[in-house]
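Asks: predicted structure and sequence below. I'll ask about it afterward.
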Amino acid sequence: MPGVVTELFGRVPVAEFGAKALKQVREKMVERGWSRTYTNHQINRLKRMFRWAVEGEMVPGSVLHNLQYVRAIRKGEPGVRETEPVKPVPGEIVAATLPFSSRQVAAMIRLQILTGARPGEIVLVRGRDIDRSGPVWLFAPEYHKTEGRGRSREVYIGPKSQEILSEWLRDDPTAYLFSPADAEADRQTQRAVRKTKVQPSQQYRSKDKPEKTPGDRYTAMSYGKAIKYACQKADRAKRTELVAAARAVDPAADVSAIESAVYVPVWSPNKLRRNGTAAAVQHRDGTARARALEHGDHPNLRRAGPREGHGRVREGRLRRPRRWGRSGADPDDRPGPVHRHRTGVPPHSFSSAERVGAPARPPYSSPYLITTGIAKRAPSCLCRR
């Protein structure tokens with residue numbers, strides 16, 4: 001984004017950068033082939049930069065005021081590239097990647113599929129952050145994506161995920177469970193016991209004082225790179241296997257098509273939230289959590305704050321509630337705030353039984369005007385008693 005701005009308006013005073021200039025920047029981004037969502041994100045980022053400058057009294061407030069009138073690119077506008085929706089990673093691709101991953105990375109992949117946690121959350125698992133007092137464990141990440149908005153984040157860990165984590169729990173509760181330093185130590189151990197001899201050019205590749213050493217935990221970026229390397233290894237192994245099988249049948253066979261094909265494409269750990277149990281993530285607590293407990297694990301909601309079913313989830317006794325409004329449903333189990341109407345009908349529609357014998361209301365006593373059984377929103381100026 002800075003390259004586009006400086007290329008077009010690098011010599012223009014910041015006080016003269018207006019709405020037309022921002023639209024020219026946006027058009028340049030589209031010409032470069034940037035997608036609609038990415039272009040909108042970069043334009044919003046540029047607006048936030050000017051907002052920061054206005055707060056510091058480095059730019060007149062009128063500049064930011066004019067930039068706010070530039071609308072985002074809407075879906076369907078001609079000449080703008082649209083991105084494909086993020087889809088889950090096929091199960092066979094994940095299964096092909098796991099054998100070529102380290103034990104730490106493989107465990108994080110399995111946990112992501114079972115819990116629906118984000119990559120930036122799964123790399124932060126520590127013993128001190130896991131509450132193991134109930135049948136369903138609770139993991140509160142040290143940092144999370146929506147922390148800046150004042151939201152809490154809780155990752156529920158069911159029986160299957162507990163089996164994976166039990167192997168990695170440490171005596172030190174402050175230590176991260178998945179460490180790249182441990183993965184490097186495992187690799188060196190496997191290298192020491194290998195049957196074939198190490199090539200002389202690789203025996204002395206380690207430095208006495210390397211500039212970079214493996215850290216005590218993965219980052220979301222290093223976790224993604226580890227998966228990328230595992231995918232590339234799996235792809236090469238599959239290609240070698242197919243080439244050897246083809247030449248075993250016919251030594252003179254043409255294997256150019258086999259060598260140019262991609263068998264294990266590189267995938268991102270962000271897609272794992274849409275795999276398996278994680279695909280059951282919903283905006284409502286009851287149904288998703290109950291289904292997870294029935295299948296032996298628990299998906300985690302995008303809206304992760306504790307809600308009305310939190311206590312029952314921890315105790316492992318949350319049943320799947322019926323939707324409120326159906327016959328026999330308990331009004332207290334329905335999602336959202338509990339309204340004063342307990343008849344099983346939405347609060348904005350009133351049955352005839354409620355209207356019979358009800359005291360007459362003064363005109364415009366409520367912001368809702370009940371007309372022929374349909375609730376309509378009235379202007380606030382009419383809501384007088």
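Replies: Arrived safely.
Asks: so which bits of stretch 257-267 are buried?
Replies: Residues of stretch 257-267 classed as buried by neighbour count (16 or more other C-beta atoms under 10 Å): 258, 263, 264, 266, 267. C-beta coordinates here come from the backbone N, C-alpha and C atoms, glycine included.
Asks: for residue 162, list the residues it contacts.
Replies: By C-beta atoms under 8 Å, 6 or more residues apart in numbering, the contact list for residue 162 reads residue 137.
Asks: how close does it get to residue 136?
Replies: Distance of residue 162 to residue 136, computed by C-beta to C-beta, to the nearest Å: 9 Å.
Asks: again, but for residue 112
Replies: For residue 112, the distance to residue 136 - C-beta to C-beta - is 17 Å.
Asks: repeat for residue 92
Replies: Distance from residue 92 to residue 136, counting by C-beta to C-beta: 30 Å.
Asks: quick one: which of these two has more around it?
Replies: Using other C-beta atoms under 10 Å as the criterion, residue 92 and residue 136 rank with residue 136 on top: 25 against 9.
Asks: surely residue 69 is in contact with residue 19?
Replies: Yes. In this structure, residue 69 is within contact of residue 19 by C-beta atoms under 8 Å, at 5.5 Å.
Asks: more crowded one of the two?
Replies: Neighbours were counted for residue 69 and for residue 19 using other C-beta under 10 Å; residue 19 has more, 14 against 9.
Asks: where does the more buried one land on pLDDT?
Replies: According to the prediction, residue 19 has pLDDT 93.
Asks: swap in residue 8?
Replies: Residue 8 is given a pLDDT of 90.
Asks: also residue 319?
Replies: 45.
Asks: for residue 35, name its beta-bridge partners.
Replies: With DSSP bridges applied, residue 35 shows beta-bridge pairing to residue 81.
Asks: what's around it, how many residues?
Replies: Neighbours around residue 35, by other C-beta under 10 Å: 16.
Asks: I'd assumed residue 81 was in contact with it.
Replies: Yes. Counting by C-beta under 8 Å, residue 81 is a contact partner of residue 35 at 4.9 Å.
Asks: name the nearest residue to residue 157, ignoring sequence neighbours.
Replies: residue 137 (3.8 Å; C-beta to C-beta, 6 or more residues apart in numbering).
Asks: what sits against that neighbour?
Replies: In this structure, residue 137 makes contact with 130, 131, 156, 157, 158, 161, 162, 165, judged by C-beta under 8 Å, 6+ apart.
Asks: the fourth one: how many residues sit nearby?
Replies: By that I understand residue 157. With other C-beta under 10 Å as criterion, residue 157 counts 24.
Asks: then the first one?
Replies: Taking other C-beta under 10 Å as the neighbour definition, residue 130 ends up with a count of 19.
Asks: report the separation between it and residue 256.
Replies: 51 Å.
Asks: ok, now the last one?
Replies: When distance is defined by C-beta to C-beta, residue 165 is 46 Å away from residue 256.
Asks: which one's more surrounded, the two?
Replies: residue 165 (19 against 8).
Asks: now that one. Nearest residue, chain neighbours left out?
Replies: residue 157 (6.7 Å).
Asks: does that neighbour really touch residue 138, like I thought?
Replies: Yes. Counting by C-beta under 8 Å, residue 138 is a contact partner of residue 157 at 7.1 Å.
Asks: common neighbours of these two, please.
Replies: Common neighbours of residue 157 and residue 138, using C-beta under 8 Å, 6+ apart, are residue 130.
Asks: please spell out which residues along the helix ranked longest in the chain are buried.
Replies: When the chain is parsed with DSSP state H, its longest helix is helix 220-249. Neighbour-count burial for helix 220-249 flags 220, 223, 224, 226, 227, 229, 230, 231, 234, 235, 238, 239 (criterion: 16+ other C-beta under 10 Å).
Asks: before we move on, what about stretch 10-26?
Replies: Within stretch 10-26, the residues scored as buried using 16+ other C-beta under 10 Å are 17, 18, 21, 22, 25, 26.
Asks: for the last one, list the residues it contacts.
Replies: Which is residue 26. Applying C-beta under 8 Å, 6+ apart to residue 26 gives the contacts 39, 43, 70, 73.
Asks: can you rerun that using 10 Å?
Replies: When contacts are counted by C-beta atoms under 10 Å, 6 or more residues apart in numbering, residue 26 touches 4, 34, 39, 40, 42, 43, 46, 70, 72, 73, 80.
Asks: before we move on, what about the fourth one?
Replies: When contacts are counted by C-beta under 10 Å, 6+ apart, residue 22 is found next to 5, 9, 43, 46, 47, 50, 66, 67, 68, 69, 70.
Asks: now swap in the first one and tell me
Replies: Residue 17 sits next to 5, 9, 25, 46, 50, 59, 63, 66, 67 when contact means C-beta under 10 Å, 6+ apart.
Asks: would you map the helices across the stretch 51-200 of the chain?
Replies: All helices of the stretch 51-200 of the chain, identified by DSSP state H, counting those that start in this stretch, fall at 61-67, 91-97, 103-115, 119-122, 159-166, 180-192, 200-203.
Asks: among the ones you listed, which is nearest residue 245?
Replies: Minimum separation from residue 245 across the helices of the stretch 51-200 of the chain (C-beta to C-beta) falls at helix 91-97, 16.4 Å.
Asks: for the closest one, packing partners?
Replies: If you count contacts as 3 or more C-beta pairs under 10 Å, 6 or more residues apart in numbering; DSSP states H and E, helix 91-97 packs onto helix 103-115, helix 220-249.
Asks: buried residues in it?
Replies: Using 16+ other C-beta under 10 Å as the test for burial, helix 91-97 gives 93, 94, 96, 97.
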